[in-house]
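# pasting the structure only:
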């Protein structure tokens, strides 16, 4: 009998809980008689692996119960990751193994190449019957492209922004909220000692779920990309908060993509292959504006990368393990083009999101109070536990 092979990879930014997925897929798959191959560095593993009959250890590792036994005890991704988009690879990022004459046929614009044919060849070379990509919108957008090429695959959503379409929850979200709560609580003592206004920058380029839930559990003001806000209103609320607080401090949490009405966030640095550039630190810009308008001392604090470091909390381990087993259920059933998901608080699976939908966004009308710049606390009956609906 032919042994079936499964490939698994992690793409985009790392989050706590990825190793729980990798381990659980490996354990379940080997129990069912499958071979499992870990693709290292995300989609780059399938563009850069060296041709030949043997595995390229730089980009491919055979997974088993021995080498994955303890990986779930730590954060990050044991397979490593990258933000590679095989459909839009710059000349400087190309693998050296592709002949120049072939590269010419894959150039889609000046200095930009579509290496999808190389990815398809390498999937065939590895003999993969299924691919399980773990990632957010960017990673799953290329999954969608492979699906159209006939590659059998099952997606698993992860991102601290929690903004993948088709699911109420993505791996990494709970740990991010838990870690943000811990860091903000710790800094309250310094803010109170100096009687300052604290401006905390958190992940959320396009969606404000992480800022919203962080504010929900820390009882602070929050600013989200979906709702440009009145800067004078914010300043007035923060001055009131500071005045009414016995310790004489106030806090606002801002998503990295949130901006006040009439404002704009500059971007800098080179654009990555998914079209993203770094945004200017909104917390620093906002702290400066608060100082100018109120005369109060305001300090900016960067929370972003602290939220994705370290080991996962219990929720992300539970979700990671369960998503892995749902993926294997789908593989066993011969399904493809699906994604493990949570809908209405229940584990399930949905179609792999169409990248044209873009990221899922906060429903401002039901989840956010524009007058108070806070999450909506009332009327939560019948709403998902994480406040997130997946339309």
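Good, I have the coordinates. Remember, it's a predicted structure, so these values are computed and weren't measured experimentally. Numbers count the residues shown, from 1 in each chain.
# Show the end-to-end separation of stretch 30-43, please.
The separation between the terminal residues of stretch 30-43, taken as Cα to Cα, to the nearest Å, is 23 Å.
# Stretch 216-225 too?
With Cα to Cα as the measure, the ends of stretch 216-225 fall 16 Å from one another.
# What residues of that stretch count as buried?
When neighbours are counted by 16 or more other Cβ atoms under 10 Å, the buried residues of stretch 216-225 are found to be 216, 218, 220-225. All C-beta atoms are positioned from the backbone trio N, CA, C, and that covers glycine.
# Endpoints of stretch 163-180, how far apart?
Taking Cα to Cα, stretch 163-180 runs 18 Å from one end to the other.
# roughly how far out does it sit from the chain middle?
Using Cα atoms, centre = their mean, to the nearest Å, we find the averaged C-alpha position of stretch 163-180 to lie 8 Å away from the chain's own average C-alpha position.
# mind listing what's buried in it?
In stretch 163-180, the ones that count as buried by 16+ other Cβ under 10 Å are 163-180.
# Please apply the same query to stretch 139-147.
139-147.
# Now tabulate these in JSON lines and tack on secondary structure.
Written out in JSON lines, the entries for the buried residues of stretch 139-147 read as follows (DSSP: H, G, I helix; E, B strand; the rest coil):
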{"residue": "139", "secondary structure": "helix"}
{"residue": "140", "secondary structure": "helix"}
{"residue": "141", "secondary structure": "helix"}
{"residue": "142", "secondary structure": "helix"}
{"residue": "143", "secondary structure": "helix"}
{"residue": "144", "secondary structure": "helix"}
{"residue": "145", "secondary structure": "helix"}
{"residue": "146", "secondary structure": "helix"}
{"residue": "147", "secondary structure": "helix"}
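# quick one, strands of the stretch 51-200 of the chain?
The residue ranges that make up the strands of the stretch 51-200 of the chain, judged by DSSP state E, counting those that start in this stretch, are 60-63, 89-90, 107-109, 112-113, 130-135, 154-157, 197-202.
# domains for the chain, by residue range?
Annotated domains of the chain cover 5-171+311-357, 174-307+362-375 [automatic domain parsing].
# average pLDDT for the first one?
If you average the pLDDT over domain 5-171+311-357, you get 95.
# And that domain, end to end?
Domain 5-171+311-357 stretches 31 Å from its first residue to its last (Cα to Cα).
# Longest helix in the protein, please.
Ranked by residue count, the top helix of the chain under DSSP state H comes out as helix 173-194.
# and that one, what does it pack onto?
If contacts are counted by 3 or more Cβ pairs under 8 Å, 6 or more residues apart in numbering; DSSP states H and E, helix 173-194 sits against strand 197-202, helix 209-218, strand 250-255, helix 304-307, helix 314-333.
# That's all I had, so thanks and see you.
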